[in-house]
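Asker: got a structure for you, letters missing:
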């Protein structure tokens, strides 16, 4: 009979190795750079997909967050573009930009503390 596995500690997951979060931080930086140079977000999401399987659990939440930022931001932006014909789309595009920046900066702050992202699957901030 096998021994029961101890439960993972709950609460903040502090990283003892700052280099393991360097890739996730680079992806957040690429996302912010995509506001000016759009292609960097595509590079970032590809990097997030490639790194998510081999990362520790607390870092997987950041990769999931980054993937969600990309796809949800794309959906919001497309809806804004379609509705820009009736002018409300410009407000949606502005709200999308604010959401994108806030979500990315919040992820960077949480990552710098060495903690898991609290709700990577949420649609809000």
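Answerer: Yes, it's here. Since this is a predicted model, take the numbers as computed values, not measurements.
Asker: helix, strand or coil: sort out residue 121 for me.
Answerer: Look at residue 121: counting by DSSP: H, G, I helix; E, B strand; the rest coil, its state is coil.
Asker: the closest residue to residue 67 other than its chain neighbours is in what secondary structure piece?
Answerer: Nearest residue to residue 67, sequence neighbours excluded (Cβ to Cβ, 6 or more residues apart in numbering): residue 48, at 5.2 Å. Backbone N, C-alpha and C define where each C-beta goes, glycine included. When elements are assigned from DSSP states H and E, residue 48 belongs to helix 39-51.
Asker: of all the residues in that helix, which ones are buried?
Answerer: The neighbour-count check on helix 39-51 (16 or more other Cβ atoms under 10 Å) flags 40-41, 43-45, 47-48, 51 as buried.
Asker: residues of the lengthiest helix in the chain that come out buried?
Answerer: As assigned by DSSP state H, the longest helix anywhere in the chain is helix 57-83. Within helix 57-83, the residues that qualify as buried are 58-70, 72-73, 76-77, 80, counting by 16+ other Cβ under 10 Å.
Asker: which elements pack onto it?
Answerer: When contacts are defined as 3 or more Cβ pairs under 8 Å, 6 or more residues apart in numbering; DSSP states H and E, helix 57-83 packs onto helix 22-33, helix 39-51, helix 88-112.
Asker: so what touches the longest one?
Answerer: If you take Cβ atoms under 8 Å, 6 or more residues apart in numbering as the criterion, helix 88-112 is touched by 21, 24-25, 28-29, 31-32, 35, 62, 65-66, 69, 73, 76-77, 79-84, 116-118, 125.
Asker: what do you get for the shortest one?
Answerer: Here helix 22-33 makes contact (Cβ under 8 Å, 6+ apart) with 40-41, 43-45, 47-48, 51, 55, 59, 62-63, 66, 69-70, 100-101, 104-105, 107-108, 111-112.
Asker: mind doing that once more with 6 Å?
Answerer: Applying Cβ atoms under 6 Å, 6 or more residues apart in numbering, the contact partners of helix 22-33 are 40-41, 43-44, 47-48, 51, 62, 66, 104, 107-108, 111.
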